[in-house]
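Next one to model:
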Amino acid sequence: MTDQAWLTERPAASVATGTSDRPRDVFIVSNSVDELGGVTSWSHQMARLFTGRGHRVHVVGITEPEVPQELGETAYPTTTLYDVHPPQIGPMRGLKGRLNVAERRRRTARAEGMREQAAKLTALFRTARPGAVVIVTQVWAMEWVALADTTGLLVVGMSHESFAYCRKTSRFGRVQRHYRNVDRMLVLTREDADLWIRQGMNNASFMPNPIPFMPETPSPRTERAVVSIGRLHDQKGIDMLLDAWAEVAPNHPEWRLRIYGTGEDEEILQERCTTLGLDGSVDWMGPTSDVPGALRDSSVFVLPSRGEGFPLAVMEAMAAGVPCAAFDCAPGVHEIIRDGEDGLLATLGNTGELARRMDTLMSDKGMRDAMGEAARVNIQRYAAEEIVRRWEDLFAFLER
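Below is the predicted model:
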């Protein structure tokens, strides 16, 4: 790509630290300020990093989440636009749909409400200094930003999922529609950016996620525990993990599978666990605010997702020195994990293969240690300081 000079890698020693040469106002706009999931974690990590560099940050959510997460105190303001969720609307197919009075009223109420909330965004944006940036992390939120006045601001739209997974959803068309004219559309890998460009999104580029944390002391990898951390939702593939564990567990009766997280599929997944006869080896840990502690007490991490972008959970595990077994479900996964060097990959959906990858790591302490140490070294190419510098370079490039 001809305009990617701002992406050039620099040696770690030359990464700028301290205060940015050009402090900016940065608005990070998402579906929700505190929704449970990786996008929220990313938003607040970047908000902290930008704030630490002297930028003035404001995190904005459109509505309250269905499943919230605890944020604690933040060093920057947060705003949620809606007090109640905007009205749900259905498709208006054919004459019958167009004559559906109740649906037409819902659509009118939703449109009026969107304009009111977009006016709040406009008021926030007008407080910004020249050179301000609006980062929209999810395309649903972009529907409100598109109605607001962003004159004089740089607008960056993001997709935190792979091209292939997005293409299976209604978000695919909305990304093409709502991100086509933003200053830059960012995905998480070069491979996905190229696929979007082939769809006519000539403003597409890529920006990887930063490491969420880097523990001083890695996991000793002595605990006989395999860990999964994520929302209990179909996308995260916990049902497939249980199927794979059913093959592994009989060979390793002393090992436990610890599943951290909560979500709408929790009850049905626990029923599946019982049906498979796994209640004696699976621990449902619920959500955790101590991810480093959960990883420190584990020896293997597993990612059974059907779709991902640039999974923070894998980066966290590798930073803790815990080797991963994962479905190769997205370019971000095989960019982060170097198969056979610092983790093991399995074909998406092949639970038998995932079971064998877990079994290999569980059976061989020497391999676990070698891959865990390699993971801890390799993941440092996504150091937070480097990723923030790349963001600042992007801001400067877009201002030209």
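
any idea whether the residue nearest to Arg338 when sequence neighbours are not counted is helix, strand or coil?
Of all residues not flanking Arg338 in the chain, Asn378 sits nearest, at 6.4 Å (Cβ to Cβ, 6 or more residues apart in numbering). In short, each C-beta sits where N, CA and C put it, glycine included. The three-state label given to Asn378 by DSSP: H, G, I helix; E, B strand; the rest coil is helix.

so what's the residue lying closest to Ala384 once chain neighbours are set aside up against?
Distance criterion Cβ to Cβ, 6+ apart; nearest residue to Ala384, sequence neighbours excluded, is Pro210 at 4.1 Å. Shown in contact with Pro210 (Cβ atoms under 8 Å, 6 or more residues apart in numbering): Gln45, Met46, Leu49, Tyr382, Ala383, Ala384, Glu386, Ile387, Val388.

Report pLDDT for the residue nearest to Arg338.
On pLDDT, Asn378 comes in at 96.

Could you chop this protein up by domain?
5-210+383-399, 225-381 (automatic domain parsing).

Run a quick neighbour tally on Tyr346.
Wrong residue type there; residue 346 is Ala, not Tyr. As a burial measure, Ala346 scores 24 neighbours (other Cβ atoms under 10 Å).

Poorly predicted segments of this structure, please.
For the chain, the stretches with pLDDT under 70 are 1-18, 89-100.

rerun at 90
1-22, 36-38, 66-72, 84-110, 212, 289, 400 (pLDDT under 90).

If we go by neighbour counts, what in the lengthiest helix in the chain is buried?
In terms of residue count, the longest helix belonging to the chain (DSSP state H) is helix 101-125. Residues of helix 101-125 classed as buried: Glu103, Arg106, Gly113, Met114, Gln117, Ala118, Leu121, Leu124, Phe125 (neighbour count, 16 or more other Cβ atoms under 10 Å).

mind putting the residues you listed in CSV, distance to Asp290 included?
Listed next are these as CSV, based on distance: Cβ to Cβ, whole Å:
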residue, distance to Asp290
Glu103, 46
Arg106, 42
Gly113, 39
Met114, 39
Gln117, 35
Ala118, 38
Leu121, 35
Leu124, 34
Phe125, 37
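
Would you confirm that the residue nearest to Arg338 contacts Gly343?
No. In this structure, Asn378 is not within contact of Gly343 by Cβ atoms under 8 Å, at 9.3 Å.

the more surrounded of these two?
Gly343 (29 against 17).

which ones are touching the more buried one?
Contacts of Gly343 by Cβ under 8 Å, 6+ apart are Val314, Met318, Pro323, Cys324, Ala325, Ala326, Ile337, Met371, Ala375.

quick one: which of those residues sit in helices?
Short answer: the contacts of Gly343 in helices (DSSP H) are Val314, Met318, Met371, Ala375.

how about those residues, which pair is most distant?
The distance between the two most remote of those (Cβ to Cβ) is 12.9 Å, for Val314 and Met371.

and the helix or strand Gly173 falls within, how far from the chain's centre?
For Gly173, the host element (DSSP states H and E) is helix 171-178. Distance of helix 171-178 from the chain centroid (Cα atoms, centre = their mean, to the nearest Å) equals 18 Å.

neighbouring contacts of that helix?
Taking Cβ under 8 Å, 6+ apart as the rule, helix 171-178 contacts 139-140, 142-143, 146, 157, 159, 161, 166, 185, 196, 199-201.

and those residues, which are buried?
Val139, Trp140, Met142, Glu143, Ala146, Gly157, Ser159, Glu161, Cys166, Met185, Trp196, Met201.

picking that back up, turn the contacts of Gly343 into CSV, including distance to Val60 and neighbour count.
What follows is the contacts of Gly343, written out as CSV (distance: Cβ to Cβ, whole Å; neighbours: other Cβ atoms under 10 Å):
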residue, distance to Val60, neighbour count
Val314, 28, 25
Met318, 31, 29
Pro323, 38, 29
Cys324, 33, 28
Ala325, 37, 28
Ala326, 33, 28
Ile337, 33, 28
Met371, 40, 28
Ala375, 35, 27
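
Out of the residues you listed, flag the one nearest to Ala249.
The nearest member of these to Ala249, counting by Cβ to Cβ, is Ala325 at 14.4 Å.

Need the nearest residue in space to that closest one, chain neighbours excluded.
Leaving out its chain neighbours, the residue that sits closest to Ala325 by Cβ to Cβ, 6+ apart is Arg357, at 3.9 Å.

From Gly372, how far off is that neighbour?
According to Cβ to Cβ, to the nearest Å, Arg357 and Gly372 sit 15 Å apart.

Same check on Ser363?
15 Å.

more crowded one of these two?
Gly372 (26 against 12).

Could I get the buried residue list for stretch 389-400?
Buried residues in stretch 389-400, counting neighbours by 16+ other Cβ under 10 Å, are found at Arg389, Arg390, Trp391, Glu392, Asp393, Leu394, Phe395, Phe397, Leu398.

out of those residues, who's nearest Glu264?
Trp391 (32.8 Å).

Surely that closest one touches Ser205?
No. With contact defined as Cβ under 8 Å, Trp391 does not reach Ser205; the gap is 11.9 Å.

Helix, strand or coil: sort out Val156 for me.
Secondary structure assignment for Val156 (three-state DSSP): strand.

Count residues in the vicinity of it, would you?
Per other Cβ under 10 Å, the neighbour tally for Val156 reads 24.

isn't it right up against Val187?
No. Contact status for Val156 versus Val187: not in contact, 11.4 Å apart, counting by Cβ under 8 Å.

ok, Val133 - contacts?
Here Val133 is in contact with Arg24, Asp25, Val26, Phe27, Leu153, Leu154, Val155, Val156, Phe395 (criterion: Cβ under 8 Å, 6+ apart).

Redo these as TSV? Include distance to Val67.
As requested, the contacts of Val133 are exported to TSV (distance: Cβ to Cβ, whole Å):
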residue	distance to Val67
Arg24	32
Asp25	30
Val26	26
Phe27	24
Leu153	31
Leu154	32
Val155	28
Val156	26
Phe395	32
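
Return the closest of the residues you listed with respect to Pro304.
Among those, and counting by Cβ to Cβ, the member closest to Pro304 is Val156, at 31.0 Å.

Report the separation between the closest one and Asn181.
Distance, Val156 to Asn181, by Cβ to Cβ: 12 Å.

same question, Met158
Applying Cβ to Cβ to Met158 and Asn181 gives a distance of 15 Å.
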